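Chemist: prediction below, plus the sequence it came from.
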Amino acid sequence: MSPAAAEAGFQLYPQLAADTAPVTDLALCRVLLMNDRRFPWLILVPRRAGKRDLDDLAAADQAQATIEASQAARALKALVSTHKMNVAALGNMVPQLHIHVIARQTTDAAWPKPVWGVGSAEPYAAAERDDWIQRVRRELQRSATS
């Protein structure tokens, strides 16, 4: 199947679009920055219509999603100090398949609990968000060659 055919019908779920800023597209996934400055947090969304779970993807796409999640984790590790990298595909609130990549620190607002439902999101100021996006893009390009 051609890449264009595989992406046919893909649309970003409205809640993901509302809560994030676009960073870039990798071979499979759209990379988004979660708009919560408390946590260095990327979301990867495979550009495949109608997928809810990792096992809904073809085997090659499952492998590519894993590679890209690792690439995103390496990018975040290059940008911030981390105690633990959390990578998860939950989908309880948003049905579209998406993978969270979150750099956790023992001093963050939610440690050691999950980041969901802890306090209120602190949106990035536009300049800070744009700077993060540029930095993440650069590190994703570097980590692709690692």
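Modeler: Now that the structure is in, tell me what you want to look at. Residues are numbered from 1 along each chain as shown.
Chemist: now do the top helix by length along the chain: distance to the chain's middle.
Modeler: Longest helix in the chain, counting residues (DSSP state H): helix 59-79. Relative to the mean C-alpha coordinate of its chain, helix 59-79 is positioned 9 Å out (Cα atoms, centre = their mean, to the nearest Å).
Chemist: which neighbouring elements make contact with it?
Modeler: On a contact count with 3 or more Cβ pairs under 8 Å, 6 or more residues apart in numbering; DSSP states H and E, helix 59-79 meets strand 29-34, strand 41-46, strand 84-88, strand 99-104, helix 126-144. C-beta: built from backbone N, CA, C; applies to glycine.
Chemist: return the alpha-carbon coordinates of that helix using PDB.
Modeler: Taking C-alpha atoms only, helix 59-79 is exported to PDB below (Å, rounded to 0.1, in the frame of the first residue of the first chain):
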ATOM      1  CA  ALA A  59       2.900  -5.400  11.800                       C
ATOM      2  CA  ALA A  60       5.200  -3.000   9.900                       C
ATOM      3  CA  ASP A  61       3.400   0.000  11.300                       C
ATOM      4  CA  GLN A  62       3.600  -1.500  14.800                       C
ATOM      5  CA  ALA A  63       7.300  -1.700  14.400                       C
ATOM      6  CA  GLN A  64       7.600   1.800  13.000                       C
ATOM      7  CA  ALA A  65       5.500   3.200  15.900                       C
ATOM      8  CA  THR A  66       7.900   1.600  18.400                       C
ATOM      9  CA  ILE A  67      10.900   3.100  16.500                       C
ATOM     10  CA  GLU A  68       9.300   6.500  16.400                       C
ATOM     11  CA  ALA A  69       8.300   6.400  20.100                       C
ATOM     12  CA  SER A  70      12.000   5.600  20.900                       C
ATOM     13  CA  GLN A  71      13.100   8.400  18.700                       C
ATOM     14  CA  ALA A  72      10.800  10.800  20.500                       C
ATOM     15  CA  ALA A  73      12.100   9.500  23.900                       C
ATOM     16  CA  ARG A  74      15.700  10.100  22.800                       C
ATOM     17  CA  ALA A  75      14.800  13.600  21.700                       C
ATOM     18  CA  LEU A  76      13.200  14.500  25.000                       C
ATOM     19  CA  LYS A  77      16.200  13.000  26.900                       C
ATOM     20  CA  ALA A  78      18.500  15.300  24.900                       C
ATOM     21  CA  LEU A  79      16.400  18.300  25.900                       C
END
